[in-house]
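*Asks:* here is a sequence with its predicted model. Questions after.
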Protein chains: 2
Amino acid sequence: MAGAIGELRAAFPGERVVLDEERLAEYGKDESDLGVFQPGVAVKVESAGEVRSTFAIASRYRVPVVPIGARSGKSGGSLAIHGGIGVSMERMNRILEIRPADLTARVQPGVITGVFQAEVERHGLFYPPDPNSLDLCSIGGNVAENAGGPRALKYGVTREYVLGLEVVVPTGEILRVGRQTIKGVAGYDLTALFVGSEGTLCIVTEATLKLLPRPRHVATALVCFPDVDTAAQAVSRVLAAGVIPRCLELIDDVSVQAIARGSPFQLPPGAGAALLFETDGNDEEQVFAEMARVAEMVRGSASGEVVVAQNEAQRRDIWETRKYLSVALRKLAAGKLSEDIAVPRSRIPEMVARCREIGKARGLLVATYGHAGDGNLHCNVLYDGDRERGAADAAVGEILRAAVDMGGTITGEHGVGLAKRDFLEYEQGAAVVALERRLKAAFDPLGILNPGKVFPET
Amino acid sequence: MAGAIGELRAAFPGERVVLDEERLAEYGKDESDLGVFQPGVAVKVESAGEVRSTFAIASRYRVPVVPIGARSGKSGGSLAIHGGIGVSMERMNRILEIRPADLTARVQPGVITGVFQAEVERHGLFYPPDPNSLDLCSIGGNVAENAGGPRALKYGVTREYVLGLEVVVPTGEILRVGRQTIKGVAGYDLTALFVGSEGTLCIVTEATLKLLPRPRHVATALVCFPDVDTAAQAVSRVLAAGVIPRCLELIDDVSVQAIARGSPFQLPPGAGAALLFETDGNDEEQVFAEMARVAEMVRGSASGEVVVAQNEAQRRDIWETRKYLSVALRKLAAGKLSEDIAVPRSRIPEMVARCREIGKARGLLVATYGHAGDGNLHCNVLYDGDRERGAADAAVGEILRAAVDMGGTITGEHGVGLAKRDFLEYEQGAAVVALERRLKAAFDPLGILNPGKVFPET
């Protein structure tokens, strides 16, 4: 490692090579509750060429390279579990180009997603992917994890908006893959392969993104139900009626209790679940008419009124309720393991019930909320410090396996990373995982890029 | 080859092993104008296990395996250019499951796309991808080519609807990749890698597809313009106004002339281009209001009226005009090479002009039409038999390079196949193509699957 550090110090200006232990510890944390795994050194790169140089040094000394974005990940993808060189993308944070006539943009990976969204909206355009952490997370991390968010229901996830990438592969080639056009099928879809590869195949140094015209009107509503089952049935009813709102978020009883005190809304007494709906479009009347149709369909089984936001401030209030759920839950227990399984939509009530049972059997609370419209649920196992951590980990394992057994997946949008690598084979089977390892080796023959992620250690 | 044929005859019932020359010649043709390349033998498989057996036999004798779908391809992907075993998917043509509550379906690859669409529509559901050949082409071929179509503008291409696949790789593993859920990011996105891999990485034996609720109303309109430039400007105006119709098709002057006689519409005298628009949604009033908005935006520069279909018969008439363009053009010349480049939307007028110039310089007519909304244009070089074929091929080369030079791609939806393999490197560069070859080798170490496609022969 000393040799690699020496070469990095020779190759980069001093202020861009981080060796201070306290700062390195910062680079070794994310939002996963997995602990601190710091790199031996961090380097703040400014170009694809610098990433290439870093790979060259790492290859010579056979030390790991770990790409580090905004550290908002939930699965430990950026943790340097084997030390090595942390490659921080924070300085590559420029929006390079917005092309309204082509509905595309080019950005560097360190651009904060929310900053990018605000900028395209100023052009009357729209970048739909909206992970909950959008004020903190970066486009590069979103690409690495194939991030989703509430609006994925109508608009799809990050993958649908990445037209092309500039990447550096561990063998040192700087590659431009994909396209600048909306359609294109030349060669293999390397772009789609790289999106969601969790920083194990390449480091992204630029992304060409697809934009949409910004919908001019949005309607947002919150409605409570006596229990999760009733809420889940309402979800099915709306979707079966042929309405795909842009968001359809479920909040279960534990979550409702957690937010009840802090919520700007007077939740009806005895509310055991809530749904948050959002519709959008260019015609205001139509957007509210669609919301009225949704309200009509759910009102019969609801507790209390369907609260439709009448202005931007009320919209914000409703979203704060959902957005700070994660924070509100932390007040109920010292620790929280957030999973993000997805199941076929028809299995949502069953999955929510299973989560509760699994928690109950171990004396733990499990709060479930998330993107009910597409079956992607965040199951939060709450635990009380180290004493209950073992039980919480065991509960998480059961939840992941239950999701797979229902035809679902261990991760809808957070990635496998370190957190779920031991469950990948349970979902995919040994043959698929073996093939994925072969692919990884084709890109990274020395195994230097983000080792120990996605796949179990061998 | 004799050994392989012997083993196939031992492994399969007699009627499923085709050796008759005339029938083999049928298996050696597609819609590409590239000629006949027949396999040495064809086998009609009925299961993934049979595909695996075929790979095992092919591996022992080192003979090529070429997957054959509905033979409606335009780039020669299913042509057995090195002979070998043609694996016909025609008997694997069952719709296995439609799950309205989950908005998914499972199908075998030989299902005809139009048949599948009609079936899901009977359930009130919608499978958007609509290649022009939908009455002939199969889902397996659509997956292999990542097929698009007019509705891709609003709804995306085949890739967006393939959640998971069962495939057989040349090394014999039968793999289930992807998921049954709407979202999911576990492991690498092998599904997205396989979609559009043109039958060179695996043979698809089952697909899990995403469905949408069927939009209840559709409005269709045709409008003529004095020239292509004016039409292209109208396209930009509509998109810039934040309207994304579900289809936005451009028809250039040569195409307008070709269809003028056969069209059920009285095209205005001197029309030099036409646009076909389609809007859809659940609210009839809103769908027609959106169309009225489009009409408002284009009327000023149009020749004659905006013709909005008033009933299903008129809708069909308008679409027949577009759908049989390919046939109408064949009446203008003995031969036709259909390209399908895509450029950034803002470059459409320039690209149409370049196509015309390129043709003119060689004394050839080039008819351009296609999916203007997403920049995907079909440039048809018309030529008069063998005499002009050389000039036509040269013109195609210039068109492909011009598209790339404008930041575009050599293929928006038809695939590279045999037709465009020599231009892949011009678009992607040597390093990307080298990486793709490495990927191909990771899946197909013996190089037996569909050799000579996508990449130039080495």
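*Replies:* Thanks, I have it.
*Asks:* only C-alpha atoms for contact and neighbour calcs from this point on.
*Replies:* Fine.
*Asks:* quick check: closest non-adjacent residue to the closest residue to chain B within the stretch 51-200 of chain A.
*Replies:* Relative to chain B, the nearest point of the stretch 51-200 of chain A is A:Gly184 (4.0 Å; C-alpha to the nearest C-alpha). Excluding the flanking residues, the one nearest A:Gly184 by C-alpha to C-alpha, 6 or more residues apart in numbering or on different chains is B:Gly412, at 4.0 Å.
*Asks:* Three-state assignment for the residue of the stretch 51-200 of chain A closest to chain B, please.
*Replies:* What DSSP: H, G, I helix; E, B strand; the rest coil gives for A:Gly184 is coil.
*Asks:* list the contacts of the residue nearest to A:Gly184.
*Replies:* Residues in contact with B:Gly412, defined by C-alpha atoms under 8 Å, 6 or more residues apart in numbering or on different chains, are A:Lys183, A:Gly184, A:Val185, A:Ala186, B:Asp340, B:Ile341, B:Ala342, B:Asn376, B:Leu377.
*Asks:* specify the local secondary structure of the last one.
*Replies:* Read it as B:Leu377. Per three-state DSSP, B:Leu377 ends up strand.
*Asks:* so the residue of the stretch 51-200 of chain A closest to chain B makes contact with B:Gly407?
*Replies:* No. Counting by C-alpha atoms under 8 Å, A:Gly184 does not reach B:Gly407; the two are 11.4 Å apart.
*Asks:* between these two, which one's more packed in?
*Replies:* Between A:Gly184 and B:Gly407, counting by other C-alpha atoms under 10 Å in any protein chain shown, A:Gly184 is the more crowded of the two (29 against 15).
*Asks:* who in the stretch 351-458 of chain A is up against chain B?
*Replies:* A:374-376, A:407-416, A:424, A:428, A:431-433, A:436, A:438-439, A:442, A:454 (C-alpha under 8 Å from any C-alpha of the partner chain).
*Asks:* out of these, list just those in helices.
*Replies:* A:Leu424, A:Gln428, A:Ala431, A:Val432, A:Val433, A:Glu436, A:Arg438, A:Leu439, A:Ala442 (DSSP state H).
*Asks:* as TSV, these with neighbour count and pLDDT would be great.
*Replies:* Formatted as TSV, these follow (neighbours: other C-alpha atoms under 10 Å in any protein chain shown; pLDDT from 0 to 100):
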residue	neighbour count	pLDDT
A:Leu424	22	98
A:Gln428	20	97
A:Ala431	14	96
A:Val432	21	97
A:Val433	21	97
A:Glu436	18	97
A:Arg438	16	94
A:Leu439	20	95
A:Ala442	18	94
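*Asks:* if we can go back for a sec, for the residue of the stretch 51-200 of chain A closest to chain B, give its distance to B:Phe277.
*Replies:* 22 Å (C-alpha to C-alpha, to the nearest Å).
*Asks:* quick one: contacts for A:Ser47?
*Replies:* A:Met92, A:Thr205.
*Asks:* distance of it from B:Glu26?
*Replies:* Where B:Glu26 is concerned, A:Ser47 sits at a distance of 53 Å (C-alpha to C-alpha).
*Asks:* state the distance from A:Tyr127 to B:Tyr161.
*Replies:* A:Tyr127 sits at a distance of 20 Å from B:Tyr161 (criterion: C-alpha to C-alpha).
*Asks:* between the two, point out the one with more neighbours.
*Replies:* A:Tyr127 (25 against 21).
*Asks:* ramachandran coordinates for the more buried one?
*Replies:* Reported as degrees, to the nearest 10, the phi and psi values for A:Tyr127 are phi -120, psi 100.
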